[in-house]
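[1] build me a model from this:
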Amino acid sequence: MKRPSLLYCSPVLPALTGNGLAMRAGTILRALAERYRVSLLVVPLYWSPASELVPALAERCQQVMVATDEVPGPASSPASASGLTGFGRRLMARGRARRSELPTVEDEPFDVVHAFRPATVEHVRPWLARRDGGPALRLDLDLDDVESTIRRRIAERYEQTGQPELAAAERAEADRAVHVEARLLCDFDRVYVCSEADRRALEARRAPGAAATIEILPNALPPASVLPSPAPDAPFTFLFIGTLSYFPNEDAIVSFCREALPALRRMATRPFRITVAGVGMADAIQALAAIPEVDLVGAVADVIDVYQEAHAVIVPIRAGGGTRIKILEAFAYRRPVVTTPVGVEGIAASHDQHVLIASPRLCERLSDRAAALFEAEYSLAALIRRVHSLPT
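    Down below sits the predicted model:
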C-alpha cells in the first residue's frame, strides 16, 4: 500500500544533534518518514548549527528544498519573513538545483501539510486557503511548546531580576501569543505539543468552533553512545549546555554560579568545576570566566566531548516551557541531572528516582533509571511508535 505524502515545512534545518529546535525538527521528521513519503521544505528563519542536512535525514526524504536567504546568527531572533512570504523565492534542492528544475510545490497533491512552529504558517498559506472545496488535505502544526506560557514565565523572571521594561515587553508578547494560539486552533486540523502540561495550556486557548485536535509528540533523541565514567582523579565536573544567548539559559547559569557555587565551595570534599558549553554566549555569561571553578568552553563540534568529561549535568532553569532536550540528552548519555521543577517539567521524571545528585552510588542508580525512562518514553523508537499510533 502506498504511503500518504507529507510536506514538512521547517524554519530551521533539521538535525539530530545541536540545538533543541533543530533536534526536534530532525527527530519529528525522522519519525514521520516512517509513515509518510516526506518532502522537506526549509524556510531558514532561525540559525542552524548545521550547514547541510545529514544523510540520515536526507535519505528519508523524497525531495529536499531550502529557500535561499541570509540565515540569522545564533544570537538572533527569528529573521524577518517579509522577503520569504510565499514560495516565490528561488529554491535549492540536492545539488543546488534551480527552482525551474523542481516540482511546483504549491501544486503537489500532498495528503498532509505539516508546519513546524508558527513562524512557518505564512509559508503554508496556499494550502490553508485551499482547505475548503479542494482535495482531501490534512493541515498539521507542530507548536513544540506554548509560547504564551514561556513568555509569561520569562516576564516573571525579568521582574524578579529588576528588569521591568523587559518584563512588560514579554507580557505584551504573551498576550499576543494567546490570540495567535487561539487562531491556529481554528486554522489547522491537528496541532502538536511536546507534553501533557502544554496540551492542557493550549486547550485553554480554544475558541468556540475551533476544531483542531491537540496531540502530544514528545521530544525524543536517537540512541546515544554509552560513555565511560570520567577519570576518578579528575575534578568533579558539572556540565551546563545550551544556547547561551537565550535568556532562560543565561539566567540559569548566572544564577547558579552566583547563588549555588559559593555553597558548593563550602561543602565540597574534592575539587570541582563547572563547564559551560553552547553557542551565542551572552555578556553576563562571559563575565563568569573570572570565577576560578568556571570553564567557558563555548560552542563544541561534538557534544559527546563535554558529556564524556561530565560527572553530572545541571539544568537550573527558572523560566521557559516545553521539555528540555538537554535533560533527555543527559539521560541518554547516562549522566545524572540536577534541575528545577521548571527544568524537568513535561518529562515523566521523578525526584530521587531519575533526577538529583548525591553519592556516586546514587548517581549510578539515577543514571540507570533515567536511561530506562529515556528508552521507554523519549527515544526515537518511542516517538516512531507514537506517530504510528495516531489516527490517519
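[2] list the contacts of residue 222.
    For residue 222, the contact set (Cβ atoms under 8 Å, 6 or more residues apart in numbering) comprises 16, 27, 30, 379, 380. Any C-beta I mention is one placed from the backbone N, CA and C, and that applies to glycine too.
[3] go with 7 Å
    Residues in contact with residue 222 (Cβ atoms under 7 Å, 6 or more residues apart in numbering) are 16, 380.
[4] tell me the SS of residue 317?
    Per DSSP: H, G, I helix; E, B strand; the rest coil, the local secondary structure of residue 317 is coil.
[5] how deep is it tucked in, by neighbour count?
    Residues within reach of residue 317, counting by other Cβ atoms under 10 Å, total 27.
[6] distance of the residue lying closest to it once chain neighbours are set aside from residue 328?
    Nearest non-adjacent residue to residue 317, counting by Cβ to Cβ, 6 or more residues apart in numbering: residue 343, 4.0 Å away. According to Cβ to Cβ, to the nearest Å, residue 343 stands 12 Å off from residue 328.
[7] kindly report the same for residue 3.
    28 Å.
[8] higher neighbour count, these two?
    More crowded of residue 3 and residue 328, by other Cβ under 10 Å: residue 328, with 26 against 12.
[9] model confidence for that one, exactly?
    Reported pLDDT at residue 328 in the predicted model: 89.
[10] isn't it up against residue 218?
    No: counting by Cβ atoms under 7 Å, residue 328 stays clear of residue 218, with 8.9 Å between them.
[11] between these two, what contacts are shared?
    Jointly contacting residue 328 and residue 218 under the rule Cβ under 7 Å, 6+ apart are residue 378.
[12] if we can go back for a sec, part of a helix, is the residue nearest to residue 317?
    Yes: judged by three-state DSSP, residue 343 forms part of a helix.
[13] ok, residues contacting stretch 254-266?
    Outside stretch 254-266, the residues that touch it by Cβ under 7 Å, 6+ apart are 272, 274, 284, 285, 288, 291, 293, 294, 314, 316, 318.
[14] report the buried members of those residues.
    Buried subset of the contacts of stretch 254-266 (neighbour count, 16 or more other Cβ atoms under 10 Å): 272, 274, 285, 288, 293, 294, 314, 316, 318.
[15] quick check, nearest of these to residue 211?
    Lowest distance from residue 211 to these (Cβ to Cβ) belongs to residue 318, with 36.3 Å.
[16] please report how far the residue nearest to residue 317 lies from residue 256.
    Taking Cβ to Cβ, one finds residue 343 at 11 Å from residue 256.
[17] between those two, which contacts overlap?
    residue 316.
[18] start from the N-terminal end of the stretch 1-150 of the chain and give the helices.
    20-32, 55-58, 125-129, 147-160 (DSSP state H, counting those that start in this stretch).
[19] just those: most buried one?
    Mean neighbour count, computed with mean count of other Cβ atoms under 10 Å, is highest for helix 20-32 among those, reaching a mean of 24.
[20] now do the residue of the chain most remote from its centre, the pLDDT please.
    Most distant residue from the mean C-alpha position of the chain: residue 269, 36.2 Å away (Cα atoms, centre = their mean). Per-residue pLDDT puts residue 269 at 86.
[21] equivalent analysis for residue 287, please.
    pLDDT, residue 287: 95.
[22] likewise for the one 3 residues further on?
    At residue 290 the predicted local confidence, pLDDT, stands at 95.
[23] what number of residues lie near residue 34?
    Neighbours of residue 34 (other Cβ under 10 Å): 15.
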